[in-house]
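# only the shape, not the letters, is given here:
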Ligand code: SF4
């Protein structure tokens, strides 16, 4: 019995027509990882439901029997470092890495997912086309448009597909630089028939996604995932999960969530509620009541990160009764000033109360997440984080407390996209580690080096693709990236420019040809509101306000 035979499908794949378009749909990681991605499941099911496509799935460790001479090759791209596997899979399929080296004998290579929607530019050379935004309507629009030109030459296909709202064809845009290692001068379509920008697509329905396949081989065995909300209305100024996916949308309880959960419970007893801010669903209480009914006593319930001030005793109790032992909340900082800077509407009292409620409801542990290196953060702010954690420990003694901490990484389409990574962040992490260890609070720092690599990819432009090709050979450590930059010196800006520099708001951004949910003027307004909360520093003028 193969891995694929063990899957329980919650949709009916179509039988392919004789002239169906051969398609490979890949996830650039192992099967267990890919099949646990709700995004991958949904796109695969959407493609497999079409009788005009013949689809086979490809993972890094296994694949279905692959269609011969595929015309389309798609990648669901949700973790930055998986680019190495994208290149490996292209090599496996004997397809040139660069779009410009492919001809009519090669499939069109398309991609979508959070990494590409945020900033496609570091990967732009590897893709023929990129689907930007929600797949609900976009995917079918793409395939319908492809069917119209499937017998044409490559250029005709790409030009035709570029007319579909949300499809970005990087080769139809030319990027010019002030010098080989200088700033971007312009990003312009190659002729007047191509739109100057591509608008990210937003699905506005109230039926959200749910698993299309359940399998014991998933990373979370037999999990059935239900998307409760999409985006987050809180708009913390660094947060991609909020800004890039606005507006906040909720699945209707009666029309979407309950039918989806009932469908899932026919094949498994493990339910995962997904979304950036699940407990902010306006009918979340109703959902909890529904899941608390005695007939669901054997249901195992997992829930994505919740907002601190929505951790009630009732929520904790429901989770504890449904086999969850801990709850995860992102607090970012214990400093009121820092929370104002990032627009996190939260108080230390609410954090402490959440821990008290978690304990009272029967949970065994609470995982708090924070961040260092937030622009405007000072040493005294870190001390306040320490004090807040101690207060949580004291108020909910017996509850296991851990503090996971990352470094601030700038993300495109957010007000903080112009800020660089704080070079002292590693020292700050070390300081916290020392202080917390001596106070008996578990500390789980995220690697600073990994944050630097994330920032590089997050703010990279097309020139970065040469670095990515080299690091594929050198390995994915920060040292490998530094080595690649050294080798490519004077062919692109320094690593520091991408990662650590604050950028002027006048600067052309690599992703300027992608229109996100909010215009740049609104992001700048939010940025300035944030700067206003900083401590006054004599003679300090933010480099963000002026051109460099
Ligand atoms: S509450 Fe969480 S998900 Fe929502 S904007 Fe803030 S950081 Fe993002």
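That came through, no problem. What you see is a predicted model, and the numbers here were worked out from it, not measured in a lab.
# from residue 123, how far off is the residue of the stretch 1-150 of the chain found nearest the ligand?
Here the stretch 1-150 of the chain gets closest to the ligand at one residue, residue 114, 13.2 Å apart by Cβ to the nearest ligand atom. The way it works is simple: take the backbone N, C-alpha and C, and place the C-beta from them, glycine included. Here the criterion is Cβ to Cβ, to the nearest Å. By it, residue 114 lies 13 Å from residue 123.
# who's more crowded, these two?
Neighbours were tallied for residue 114 and for residue 123 using other Cβ atoms under 10 Å; the higher tally belongs to residue 123 (25 against 16).
# pLDDT wise, what is the closest residue to that one other than its chain neighbours at?
Ranked by Cβ to Cβ, 6 or more residues apart in numbering and with sequence neighbours excluded, the top spatial neighbour of residue 123 is residue 83, at 6.1 Å. Residue 83 carries a pLDDT value of 96.
# verify the stated contact: residue 83 with residue 468.
Yes. If you go by Cβ atoms under 8 Å, residue 83 and residue 468 touch, sitting 5.7 Å apart.
# which residues do these two both contact?
Common neighbours of residue 83 and residue 468, counting by Cβ atoms under 8 Å, 6 or more residues apart in numbering, are 122, 123.
# re the thing from before, show me the contacts for the residue nearest to residue 123.
Counting by Cβ under 8 Å, 6+ apart, the residues that residue 83 touches are 28, 77, 122, 123, 126, 457, 468, 472.
# among those, which are located in helices?
Per DSSP state H, helices hold the following members of these: 457, 468, 472.
# roughly how far out does whichever strand or helix holds residue 331 sit from the chain middle?
Assigned by DSSP states H and E, residue 331 belongs to strand 326-332. On the basis of Cα atoms, centre = their mean, to the nearest Å, strand 326-332 sits 18 Å off its chain's mean C-alpha point.
# swap in stretch 96-108?
27 Å.
# ditto for stretch 59-70
Stretch 59-70 sits 26 Å away from the centroid of its parent chain (Cα atoms, centre = their mean).
# run through who's touching it.
The set of residues external to stretch 59-70 that reach it, using Cβ under 8 Å, 6+ apart, is 3-4, 22-24, 26-31, 34, 54-58, 85, 88-89, 107.
# just the buried subset of those, please.
3-4, 22-24, 26-29, 31, 34, 54-58, 85, 89, 107 (16 or more other Cβ atoms under 10 Å).
# contacts (any at all) between the ligand and the strand holding residue 331?
Yes. Under the criterion of Cβ under 6 Å from any ligand atom, strand 326-332 makes contact with the ligand via residue 330.
# who touches the following helix or strand past that strand?
Sequence order places helix 336-342 as the next helix or strand after strand 326-332, per DSSP H and E. Residues from elsewhere that reach helix 336-342 (Cβ under 8 Å, 6+ apart): 236-238, 332-333, 345-348, 374-377, 381, 384, 416, 530, 533-535.
# quick check: buried residues in helix 336-342?
Buried residues in helix 336-342, counted by 16+ other Cβ under 10 Å: 337, 338, 339, 340, 341, 342.
# which of these sits closest to the ligand?
Looking across those and measuring by Cβ to the nearest ligand atom, the closest to the ligand is residue 342, at 8.0 Å.
# which residues in the stretch 401-548 of the chain form strands?
Assigned by DSSP state E, counting those that start in this stretch, the strands in the stretch 401-548 of the chain fall at 442-445, 514-515.
# residue numbers of the protein in contact with the ligand?
Close to the ligand, as judged by Cβ under 6 Å from any ligand atom, the chain has residues 232, 234, 235, 236, 239, 241, 242, 276, 277, 307, 330.
# contacts only, for the closest residue to the ligand within the stretch 401-548 of the chain.
Of all residues in the stretch 401-548 of the chain, residue 414 sits closest to the ligand, at 9.5 Å by Cβ to the nearest ligand atom. With contact set as Cβ under 8 Å, 6+ apart, residue 414 has these partners: 237, 238, 239, 240, 243, 244, 523.
# any idea which of those residues is closest to the ligand?
The nearest one, if we look at those relative to the ligand and count by Cβ to the nearest ligand atom, is residue 239, at 3.2 Å.
# leaving out the residues flanking it, which one is nearest to that closest one?
The shortest distance from residue 239 to any non-neighbouring residue, by Cβ to Cβ, 6+ apart, is to residue 414 (6.4 Å).
# any idea how far residue 506 is from that neighbour?
To residue 506, residue 414 is 18 Å away according to Cβ to Cβ.
# same thing with residue 486?
30 Å.
# mind listing the helices for the stretch 251-400 of the chain?
Remark: helices assigned in the stretch 251-400 of the chain by DSSP state H, counting those that start in this stretch are 258-265, 284-291, 313-321, 336-342, 348-360, 379-395.
# now mean pLDDT too, for those, in TSV please.
Below are the helices of the stretch 251-400 of the chain laid out as TSV (pLDDT from 0 to 100):
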stretch	mean pLDDT
helix 258-265	96
helix 284-291	91
helix 313-321	92
helix 336-342	97
helix 348-360	96
helix 379-395	97
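# rewinding a little: farthest pair in the buried residues of helix 336-342?
337 and 342 (10.1 Å; Cβ to Cβ).
# how about the stretch 251-400 of the chain: which residue is closest to the ligand?
Among all residues of the stretch 251-400 of the chain, residue 276 sits closest to the ligand, at 3.9 Å; criterion: Cβ to the nearest ligand atom.
# just the pLDDT for that residue.
At residue 276, the pLDDT value in this model is 89.
# contact partners for it?
Residues in contact with residue 276 (Cβ under 8 Å, 6+ apart) are 229, 230, 231, 232, 239, 241, 242, 245, 304, 305.
# pLDDT score assigned to the residue nearest to the spatial centre of the chain?
By Cα atoms, centre = their mean, the chain has its centre lying nearest to residue 114, at 4.4 Å. Listed pLDDT for residue 114 reads 91.
# so residue 47: helix, strand or coil?
Assigned with DSSP: H, G, I helix; E, B strand; the rest coil, residue 47 falls in the helix class.
# for it, what are its contacts?
Counted by Cβ under 8 Å, 6+ apart, residue 47 has contacts 23, 25, 53, 55, 74, 139, 143.
# again, only using 7 Å
Taking Cβ atoms under 7 Å, 6 or more residues apart in numbering, we find residue 47 in contact with 23, 25, 53, 55.
# and those residues, which two are the farthest apart?
Maximum pairwise distance in these, criterion Cβ to Cβ, is 9.2 Å, between 25 and 53.
# the nearest residue to residue 198 once chain neighbours are set aside: neighbour count?
Of all residues not flanking residue 198 in the chain, residue 168 sits nearest, at 4.3 Å (Cβ to Cβ, 6+ apart). Neighbours of residue 168 under the rule other Cβ under 10 Å: 26.
# the one 10 residues further on now?
For residue 178, the tally of surrounding residues (other Cβ under 10 Å) stands at 11.
# and the gap between it and the ligand?
Distance, residue 178 to the ligand, using Cβ to the nearest ligand atom, to the nearest Å: 35 Å.
# quick check, that residue in contact with residue 185.
Yes. The criterion here is Cβ atoms under 7 Å, and residue 178 meets it with residue 185 at 5.1 Å.
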